[in-house]
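# My questions concern the predicted model and sequence given below.
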Amino acid sequence: MMTFLVLRARLRNLYQKYEIYIDTVAKFLMALVVFQIINRVLNYDQRLKQITIVFVLSLLSAFTPSAILVLLAALVSVIHIYYISKILSVIVIVIILIMYCLFLRFTPKLGYVILAVPILYFLKVPYIIPLLLGLFATPLSIVPTACGVIIFYLFGVIREAVTLPINVSVEDTLQVYTYVIDGLIGNKQLFMTIVIFSLVILVTYIIRRMKFDYAREIAVAAGVLTCILGFLFSDLKLDVSEQIGIMILGTIASGILAVIIQFFHLTLDYTGVEHVQFEDEDYYYYVKAVPKINVTAPQINVKRYNTQKNAGIQQGLTGKLNNDVLSDEEEEYEEDYEEYKDYGINGKDDAK
């Protein structure tokens, strides 16, 4: 456990030291993945697949707020669809504008959620989004989550609508419009997914806010269980049982990732819980204090020694000691000489 705590401390210190650069690189990589997936799913306009355009859009997204990335992703998607059908592009613009206005009004800081849901759907782990939002956000995060789910299913409907014979006549236009709207409104799996993700966010958020020990870890477990039971009921009801195995594995993997992220974000020591009571003029307070586990990363100081220099210093010290010894012996000899000399002179005087 101590090894993980030390690793956590080192990573947090590294992030605090280079926060600006790490955030910029992370935003750039996320934008790069977003545009690559859009070009792969909506593979209509080959000009947008050029590496120069993708790089410039990703670089622009790295130095701007998350809302800009959402707008750029929507713009690229619309251009792809416009290349194959002008009628479909208008329908998509209207739907995206409605969702974007709804999102921008309530949760402008959660722009990445709208893009993260479709991306993680392609990676088979979209279930981590409601778990993380339940841990670190508020129930208002249901709005961008629902928009992300709609975007994912909208792309599927668009790919099917492209195969229809589309002309500029009013009848064909209404037919395409009806097909897209019915493909969204009549899609029961879309609404079941929104309901289940909303329940996971609410369950995780409510349990996370409770006051018992290990509330956050238990909230993740409850969210995972809610997600599995919800999609089991949905898949069996809609007769799509072939997705059950992937759903269970993806949900468990999402729960493990959520616990790891929670560990690096906040770790509490429940063995040192203290209950404090105090009062003021208006209230009497009962406070439960749980200490955080903070470990300071050990500092390793390396001292370098120059052997030649040390040998010279040692030799100089030895020579100095020898000189000091010789000086002491010379002084002692001179004292003895003077003493014997005086004694000899005195002896001659006595003989006389």
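Nice, thanks for sending it over.
# check contacts around the residue nearest to residue 111 when sequence neighbours are not counted.
Once its chain neighbours are removed from consideration, residue 111 has its nearest residue in residue 66; the separation is 3.4 Å (C-beta to C-beta, 6 or more residues apart in numbering). Every C-beta, even on glycine, is put in place using the N, C-alpha and C of the backbone. Shown here is residue 66, whose contacts under the criterion C-beta atoms under 8 Å, 6 or more residues apart in numbering are 27, 109-112.
# Separate out the buried members of the residues you listed.
Members of the contacts of residue 66 that pass the buried threshold by neighbour count (16 or more other C-beta atoms under 10 Å) are listed as 27, 110-112.
# circling back: ok, the contacts of residue 66 vs residue 90, which is closest?
Of all those, residue 90 sits closest to residue 111, with 23.7 Å by C-beta to C-beta.
# From what I see, that closest one and residue 65 are in contact.
Yes. Residue 111 sits in contact with residue 65 when judged by C-beta atoms under 8 Å, with a separation of 7.3 Å.
# Tell me how far the residue positioned nearest the centre of the chain lies from residue 115.
In the chain, the residue lying closest to the centroid (C-alpha atoms, centre = their mean) is residue 261, at 7.1 Å. Applying C-beta to C-beta, to the nearest Å, one obtains 18 Å for the distance of residue 261 from residue 115.
# now the strands for the stretch 151-300 of the chain?
Ranges of strands within the stretch 151-300 of the chain are 274-279, 284-289, based on DSSP state E, counting those that start in this stretch.
# Now tell me what touches the last one from outside.
The contact list for strand 284-289, computed with C-beta under 8 Å, 6+ apart, reads 211, 273-279.
# nearest to residue 129, of those?
Distance ranking of those against residue 129, using C-beta to C-beta, places residue 211 first at 26.3 Å.
# ok, the closest one - contacts?
residue 288.
# and the buried ones among the contacts of residue 66, which two are the farthest apart?
Taking C-beta to C-beta as the measure, these reach their widest spread between 27 and 110, a distance of 14.6 Å.
# Report the mean per-residue pLDDT for stretch 204-223.
Along stretch 204-223, the predicted local confidence has a mean pLDDT of 91.
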